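*Asks:* Have a look; sequence and predicted model below, questions after that.
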Amino acid sequence: KHVYIGLTWKLVVWSLGSCVIFLVETKHCPDLWVRFHNSCYLLSPNPKNWADSRQDCEEQGAHLVIITSPEEQVSLISLTVLCLWIGLTDRDSENEWRWVNGDNVTSPTQKQPDNWRGDEDCGEICNDKWNDKKCSDTQRFICERQKVCTYRN
């Protein structure tokens with residue numbers, strides 16, 4: 001049994017002489033993933049350090065979540081009460097926070113990340129706020145990917 005969240009349909013028709021081909025495009029999230037706007041999110045079942053979390057997401061065709069709006073953050077917070085790794089790091093240059101896709105952080109929240117304990121180079125979301133933490137710590141994480149498109153005829 002498959003459950004698709006946010007299923008949409010688009011009919012594509014090609015005419016090849018006397019032959020007409022109908023294709024139906026569906027956009028959905030894979031099983032166990034949750035949809036928000038154009039992305040799908042997966043809450044990891046197992047705790048890992050930040051680097052292993054990032055690799056796990058990449059192996060699934062995803063990345064650690066990149067939070068781009070307050071609405072997205074609220075949606076993610078509603079998934080769990082746990083602290084989760086997100087795709088935020090300043091490993092390359094201290095206090096220059098970037099998302100895993102290389103984008104600059106545009107709106108850090110609540111004076112975080114702050115490197116309070118030293119050597120805190122990886123980002124988490126915890127109690128609805130961003131925080132920096134030692135990358136070697138283990139915890140669950142959240143992956144993000146684009147919705148999947150499949151074609152059927």
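*Replies:* That came through, no problem. Numbering: from 1, shown residues only.
*Asks:* Quick one: low-confidence residue ranges for this structure.
*Replies:* Along the chain, the model assigns pLDDT under 70 to residues 1-27, 107-118, 148-153.
*Asks:* again, 50 this time
*Replies:* Counting by pLDDT under 50, the chain shows low-confidence ranges at 1-16, 18-25, 110.
*Asks:* which of the residues in the longest helix along it are buried?
*Replies:* Determined from DSSP state H, the single longest helix within the chain is helix 50-59. Neighbour counts using 16 or more other Cβ atoms under 10 Å place Trp50, Ser53, Arg54, Asp56, Cys57 of helix 50-59 among the buried residues. No exception for glycine: its C-beta is placed from N, CA and C like everyone else's.
*Asks:* Provide the strand pairings for whichever helix or strand comes after that helix, with the direction of each partner.
*Replies:* For helix 50-59, the following helix or strand on the C-terminal side (DSSP states H and E) is strand 63-64. Counting by DSSP bridges, the strands paired with strand 63-64 are strand 142-146 (antiparallel).
*Asks:* Run through who's touching the partner strand.
*Replies:* 33, 38-44, 56-57, 60-66, 76, 79, 84-87, 125 (Cβ atoms under 8 Å, 6 or more residues apart in numbering).
*Asks:* 7 Å instead, please
*Replies:* Contacts with strand 142-146, where a contact means Cβ atoms under 7 Å, 6 or more residues apart in numbering, come from 38-44, 57, 60-66, 76, 84, 86.
*Asks:* about what we covered before: nearest to Lys129 among the buried residues of helix 50-59?
*Replies:* Using Cβ to Cβ, Trp50 comes nearest to Lys129 of these, at 17.4 Å.
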